[in-house]
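>>> need coordinates for the following:
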Amino acid sequence: MTDAPATPPPPADPPDRAAVVRQSLSVAVATGLYGVSFGALSVTSGLSVLQTCLLSLLLFSGGSQFALIGVLGGGGTVGAAVAASSLLGVRNALYGLQLGPVLRPRGWRRLAVAQVTIDESTAVAVSQPTPPLRRLGFWLTGLGVYAGWNLMTLVGALAGNALGDPQRFGLDAAASAAFVGLLWPRLNAREPVAVAVVGAVVTTALVPVIPQGLPVIAAAVAGSLLAWFWPAGSRAA
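Down below sits the predicted model:
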């Protein structure tokens with residue numbers, strides 16, 4: 001007796017698609033504005049406008065980019081800057097493993113998927129209930145952030161010292177606020193709340209003592225371990 005073919009998931013309803021579009025665009029705008037901060041800080045750290053823009057066009061990973069200019073601006077060597085940037089970029093490969101079965105890229109699309117697989121596109125994608133909505137959220141967020149980030153990087157790089165401290169405009173908190181908005185609806189049981197609290201505590205404790213970007217990785221490891229050992233019987237349905 002042969003197995004019956006799997007029933008494909010129903011198409012996403014227009015209201016669901018509209019909600020994903022709004023979510024994707026809001027994250028893209030918030031994160032794109034944060035690119036002004038990178039552009040200004042990169043130029044004040046000693047990079048040229050062209051070098052700054054190429055980093056956003058080719059590297060396109062906010063944490064890695066800030067780590068690189070942080071090391072260079074602090075007097076570190078190019079090798080140390082590249083090492084710190086590469087370490088933080090490893091997380092994007094893990095995102096790709098999670099999203100691969102949903103996106104199923106082929107041919108040239110593999111390059112496009114690799115380029116826009118970032119924190120924001122992954123967060124929006126995995127928060128959707130169906131594969132079609134996950135793909136929609138991934139592409140809209142990834143491409144939107146890529147366009148906005150590069151445009152605002154150019155604006156920040158051209159403004160340079162004239163912009164002053166980007167933190168006084170609140171741009172340093174834009175990306176964090178977007179992530180809080182994405183994660184808040186998922187804190188509906190004790191396990192995700194516990195993971196969030198552990199991540200926040202670990203990050204807060206390590207920020208003053210280890211290089212920029214590494215506290216987030218440590219918090220992710222701690223949260224993953226907690227989720228792994230969480231009693232199965234007390235998980236949310």
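>>> I'd like the next helix or strand past the lowest-mean-pLDDT helix or strand in the chain.
Every helix and strand in the chain was compared by mean pLDDT, DSSP states H and E; the lowest is helix 174-183, with a mean of 59. Going down the chain from helix 174-183, the next helix or strand is helix 190-206, by DSSP states H and E.
>>> what's whatever helix or strand comes next after that following helix packed up against?
Next in sequence after helix 190-206, counting helices and strands by DSSP H and E, comes helix 214-229. Helices and strands touching helix 214-229, as assessed by 3 or more C-beta pairs under 8 Å, 6 or more residues apart in numbering; DSSP states H and E, comprise helix 78-103, helix 190-206. All C-beta atoms are positioned from the backbone trio N, CA, C, and that covers glycine.
>>> ok, which of these comes nearest Ala159?
Nearest to Ala159 among those is helix 78-103 (23.1 Å), distances taken as C-beta to C-beta.
>>> next, the angle from the next helix or strand after the closest one to helix 78-103.
Tracing the chain C-terminally past helix 78-103 and defining elements by DSSP H and E, one meets helix 109-116 next. Between helix 109-116 and helix 78-103, the angle comes out at 120 degrees (axes from the mean of the first three to the mean of the last three C-alpha atoms, to 10 degrees).
>>> residues of helix 109-116 that come out buried?
Neighbour counts over helix 109-116 (16 or more other C-beta atoms under 10 Å) mark Ala112, Val113, Gln115, Val116 as buried.
>>> what residues does it touch?
Here helix 109-116 makes contact (C-beta atoms under 8 Å, 6 or more residues apart in numbering) with Phe60, Gly96, Leu99, Leu103, Pro105, Phe138, Trp139, Gly142, Leu143, Val145, Tyr146.
>>> shaky segments in this structure?
The chain contains residues with pLDDT under 70 at 1-15, 74, 76, 80, 84, 88, 161-183, 185-186, 211-213, 232-237.
>>> and it, what are its domains?
20-171, 187-237 (automatic domain parsing).
>>> hey, which of these is tucked in deepest?
Highest mean neighbour count among these (mean count of other C-beta atoms under 10 Å): domain 20-171, with a mean of 18.
>>> how far away from the center of its chain is it?
Chain-centre distance of domain 20-171: 7 Å, with C-alpha atoms, centre = their mean, to the nearest Å.
>>> repeat for stretch 197-211
How far stretch 197-211 lies from its chain's middle: 18 Å, per C-alpha atoms, centre = their mean.
>>> pick out the residue nearest the middle of this structure.
Geometric centre of the chain, nearest residue: Asp119, 1.8 Å, by C-alpha atoms, centre = their mean.
>>> if I look at that one, how far off is Gly39?
Distance, Asp119 to Gly39, using C-beta to C-beta, to the nearest Å: 19 Å.
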